[in-house]
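Trainee: after the sequence you'll find the predicted model.
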Amino acid sequence: MKGFYFFFVHFDRYGGRNVWTSHFLSSIIRCMNKEVAIDNMNIHNMISRLNTRTISFRLTVLCLTAAATISICISGVLIGHISGLVREENETYLDNLLDNLTSGIDTTLYNASQVDRMLLNHVDIQDILLRSQSPDYTAQDYLHDSEKIAIIMNSLSVTEGIFYTSFYSGSGRFLFDGSSSSHPVTRDLFAEPWIQEHREAIDSRSMFLISPIHAPKGFYGNFKPFMVMRPLKDIITKEVTAYVVVYADSSEFQSLLLKNLQGISRDIQTGPVLSIRLADTDGIIIASTNKDEYGRAIGDFAQPEHLLSRQSQYSGFTVYMEPSPTYLSHALRTTLVPILGILAGILLVFGLLIITLLRWMLLPLKNLTANMRLVGRGNFKLRLDESLCRDDDIREVYHGFNHMTGKIDNLITNVYEQQLLLKSAQLQSLTYQINPHFLYNTLQTIEAIAEVRDTPEVQTIATSLAQMFRYNLKPENFVPLSDELAHLEAYFSIERIRFRNQITFATDLAPELFSLPVPKFVLQPIVENAVIHAFHRISGDGSQVTITGEIVSETNLVLHVSDNGVGMEPEQVEALNRKLKDAGAAPAIQAKESIGLINVHQRLVNCCGPDYGLTIVSQAGVGTRVDIRLPYSPHDTH
């Protein structure tokens, strides 16, 4: 039963083909000698180990460990994923808010720049600006043109959100006030240092924005307008001949930031972001949710790269947003509390599922254990229904169990058959040994009569038969090759007389091969087969059977029995080799009437192993060669 257990444990590992044979054979023979008395104690010990250690205990520990590991991993992954989703959702929200803020600021700036564009593109205004710089331009002309400009601006409806509109010459000298006021913001446009510093940039662009920080200080009091400047250039010389300047209300920026801040508090419900700021191209704050920050650099509060920001492609102004420290944590708590409750429920269901699955998986193993007990009592005809297995691994175990019990059952049957055949052979051998002296005396009498009457053929036949009879009664299974050749020579002495010397026999063997042990009666049946089948349609001299041999490796000796008879077709050779292979793999000894090549091949496989036996090589009209592969050891030649 140790062989039994070894097969069960290692069947899948080694493929379940040949591993079990050597481990079971001695156990099976022992079972037969003891009338299949299986050791129940070993079976029960194996079952106990199978249930408590190998299956139940390890599977339970594995499942619980896997459940705990999976639970921890799922929790960590889920929390991390949800945190990422919350963070991503809020970042998306804030990004959209930044886009909306930037779009609103760009709209305000665009509306102001459109006023500039419409005024500058108006033909009458262009004519007034050019004419006003003529030396012949009078005060009466100035009054007339001022009224005309006011009429044009009223007709264009450009007063909403616009504080002031001024027109300047190419040198920056004040020309007209679009609001008919006698108090311009500044008489000299470039008297402001910042505007003078950026004059080249102003002249090179079609439109230039100036933030409230750098706008000239005028009569508009606490209001902080931003400026939109457009240069009017001569078509030919490309020199700036005049400027149109619009002073627009920048408080719209502040209102836009505060409005969106209230929207954040209402939508997110986590407390407002810390601040929202609008900075000009120099990084100076021109609008903020905290009014005290106006005019300060954005770097005074945080590094710009650490803030959420969006830059206007239209104006170059940048919106900065700084979330509060509690913004994301509060959002995560609000989202994760219900999720963790759901996760706890899922883990509880998962644990119950593991317990149910464990019991479900052990059901076929319990069935296997019960059937193993029956096998332990000697019922080797038992088979398990593999279709009931829902798992491939368990089905493989069931298949291995069925294969094992089937093989054991077949081995028991084969051992019985082998014992019966052995007893039959022994009985037949004893029968042949009855009164051998009488048989010897009879052959000697025939030989003496043949000698007296001068019949040498009969004398030769009687002598050869006596030699073959004595060789046949030798008890050894292996004999030296020289003895097998002597027996073959005695056989051929009779065949020469029978065929009137038309068939010759020759050997070509190295002397050191004569002492090698070979199975008894391995050559004579093959030579006899050649005599019967190879030359039955050939008449005349020239028929020959030759025996040669060679050592092909350290473990193999090959003897060749060749004839120059009729040969065989390839289909016949293939069929005969297939029969030899099938006979070598047969589980039981062939019946007593089976002789010839198959008999020799099966005896070689049984006594030497599956790597040894006969192979047929033949060609029609040329002849046939039978290769006999035998075991060889170098010390056998000594």
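Mentor: The structure has been received and is ready for your questions. Numbers count the residues shown, from 1 in each chain.
Trainee: can you list the domains in the chain?
Mentor: Following the TED database, one gets these domains for the chain: 122-247, 380-431, 434-473, 477-585+592-631.
Trainee: how long is the longest one from one end to the other?
Mentor: Taking CA to CA, to the nearest Å, domain 477-585+592-631 runs 14 Å from one end to the other.
Trainee: adjust the sequence numbering to begin at 421 for everything that follows.
Mentor: Sounds good: first residue 421 from here, last item domain 897-1005+1012-1051.
Trainee: off-centre distance for it?
Mentor: 54 Å (CA atoms, centre = their mean, to the nearest Å).
Trainee: and Ala486, what element?
Mentor: helix 476-541 (DSSP states H and E).
Trainee: for Pro632, list the residues it contacts.
Mentor: Applying CB atoms under 8 Å, 6 or more residues apart in numbering, we find Pro632 in contact with 644-646, 670, 706. (C-beta placed from N, C-alpha, C; glycine too.)
Trainee: max pairwise distance over these: which two?
Mentor: Pro645 and Ile706 (10.9 Å; CB to CB).
Trainee: could you point out where the stretch 471-620 of the chain is predicted with low confidence?
Mentor: The stretch 471-620 of the chain contains residues with pLDDT under 70 at 471-481, 484, 576-581, 583, 598-606.
Trainee: now do the end-to-end distance for stretch 611-624.
Mentor: 19 Å.
Trainee: what sits up against it?
Mentor: 592, 606, 609-610, 628, 630, 634, 636, 649, 651, 660.
Trainee: just send the domains of the chain back as a markdown table, with distance to Thr522 too.
Mentor: Output for the domains of the chain, formatted as a markdown table (distance: least, CB to CB, whole Å):
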| stretch | distance to Thr522 |
| --- | --- |
| domain 542-667 | 14 |
| domain 800-851 | 61 |
| domain 854-893 | 114 |
| domain 897-1005+1012-1051 | 86 |
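Trainee: which one of these lies closest to Ser533?
Mentor: Of all the domains of the chain, domain 542-667 comes closest under CB to CB, at 4.9 Å.
Trainee: just checking, what's the longest strand in the protein?
Mentor: strand 963-973 (DSSP state E).
Trainee: what's the angle between the helix or strand just after that strand and strand 963-973?
Mentor: Using DSSP H and E, the helix or strand that follows strand 963-973 towards the C-terminus is strand 976-983. Interaxial angle of strand 976-983 relative to strand 963-973 (axes from the mean of the first three to the mean of the last three CA atoms, to 10 degrees): 170 degrees.
Trainee: if you count contacts, what does strand 976-983 end up packed against?
Mentor: Counting contacts by 3 or more CB pairs under 8 Å, 6 or more residues apart in numbering; DSSP states H and E, strand 976-983 is packed against helix 944-954, strand 963-973, strand 1043-1051.
Trainee: how about these in CSV, adding distance to Leu539?
Mentor: Putting the helices and strands packed on strand 976-983 into CSV (distance: least, CB to CB, whole Å) gives the following:
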stretch, distance to Leu539
helix 944-954, 123
strand 963-973, 110
strand 1043-1051, 113
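Trainee: tell me which of those lies nearest to Ala1003.
Mentor: helix 944-954 (13.7 Å).
Trainee: most neighbours out of the contacts of stretch 611-624, which is it?
Mentor: Leu609 (24 neighbours; other CB atoms under 10 Å).
Trainee: so what's it closest to, chain neighbours aside?
Mentor: Sequence neighbours aside, Gly592 is the residue nearest to Leu609 in space, at 3.8 Å (criterion: CB to CB, 6 or more residues apart in numbering).
Trainee: my guess is that neighbour meets Thr661, correct?
Mentor: No. With contact defined as CB atoms under 8 Å, Gly592 does not count as touching Thr661 (12.0 Å).
Trainee: next, count neighbours for Arg920.
Mentor: 8.
Trainee: can you tell me the SS state at it?
Mentor: At Arg920 the chain is in coil, as set by DSSP: H, G, I helix; E, B strand; the rest coil.
Trainee: and it, backbone torsions?
Mentor: phi 50, psi 50 (degrees, to the nearest 10).
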